[in-house]
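In: here you go, sequence then predicted model.
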Amino acid sequence: MQKTVYNHRSLGPCLLTLCASFWLLGCVSKPVTVDAPPPHMHEQGQQALQGDTPETMLDWHGTYQALLPCDGCDGGGIAISVQLRDDKTAVVRERRVGGDLSRTVVPSYTGPFSFDPVGGSLISLRRSAQEPVAYKFFVAEGWIEMRERATGAALKPSHMYRLRKTSEPVN
């Protein structure tokens, strides 16, 4: 019986060739067909229709608070508290902190809110379809961000308009 002796010099080129072969095989892609829809498009559409939206996926119920920037507040701002309830009603309270307190902001909103259509992450607070939007927020897990009322565009700098969740809803 003959013994085969391997030394490190004979294995190096073999291993290098083997690795290069696997790398090249990994780079081969499937041919693209122009007329075929992306894979699983139908299943993704059905899944979205079944409820995978920010409204159903996020734990948005609760109270959110922040100190928003304010011109003329002399180191203060506007303290805001937004309570989003399970029944899709909201209570918003604002209060001026610092500066001329005679211009204190009054509690501003109590009423319904709705998620924007087609699975959007924006909510609009308005009492009826005929009234203008009182507030608009982007909803995420653990925070909401105040947005421009008409367009939903982010206010700048956006981190200054982010409200953190401070409590779960009380039923």
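Out: Yep, that arrived.

In: find the nearest non-adjacent residue to Phe115, please.
Out: On the basis of CB to CB, 6 or more residues apart in numbering, the spatially nearest residue to Phe115 that is not a chain neighbour turns out to be Glu55, at 4.6 Å. (C-beta placed from N, C-alpha, C; glycine too.)

In: now do the helices in this protein.
Out: For the chain, helices defined by DSSP state H occupy the ranges 8-27, 41-49, 54-57.

In: would you single out the least confident of those helices?
Out: Lowest mean pLDDT of those: helix 41-49, a mean of 47.

In: now for the protein, the helix or strand with the poorest mean pLDDT.
Out: Counting by mean pLDDT, DSSP states H and E, the weakest-scoring helix or strand in the chain turns out to be helix 41-49, with a mean of 47.

In: any regions of the protein where pLDDT drops low?
Out: Regions of the chain meeting the criterion pLDDT under 70 cover residues 1-51, 99-107, 118-119, 169-171.

In: try 80
Out: Under the criterion of pLDDT under 80, the regions of the chain flagged as low confidence span 1-52, 71-75, 98-108, 118-119, 168-171.

In: quick one: the strands in it, in order.
Out: 62-68, 77-84, 89-97, 109-115, 122-125, 135-140, 143-146, 162-167 (DSSP state E).

In: and the fourth one with strand 89-97, angle?
Out: Think strand 109-115. Between the axes of strand 109-115 and strand 89-97, defined by axes from the mean of the first three to the mean of the last three CA atoms, to 10 degrees, the angle is 120 degrees.

In: just give the strands next to strand 109-115 in its sheet, each with its orientation.
Out: Within its sheet, strand 109-115 is paired with strand 89-97 (antiparallel), strand 122-125 (antiparallel), according to DSSP bridges.

In: angle of that strand against strand 77-84?
Out: Interaxial angle, strand 109-115 versus strand 77-84 (the same axes, to 10 degrees): 60 degrees.

In: what's around Trp92, how many residues?
Out: Just so we're on the same page, residue 92 is Val rather than Trp. Neighbour count for Val92, taken as other CB atoms under 10 Å: 20.
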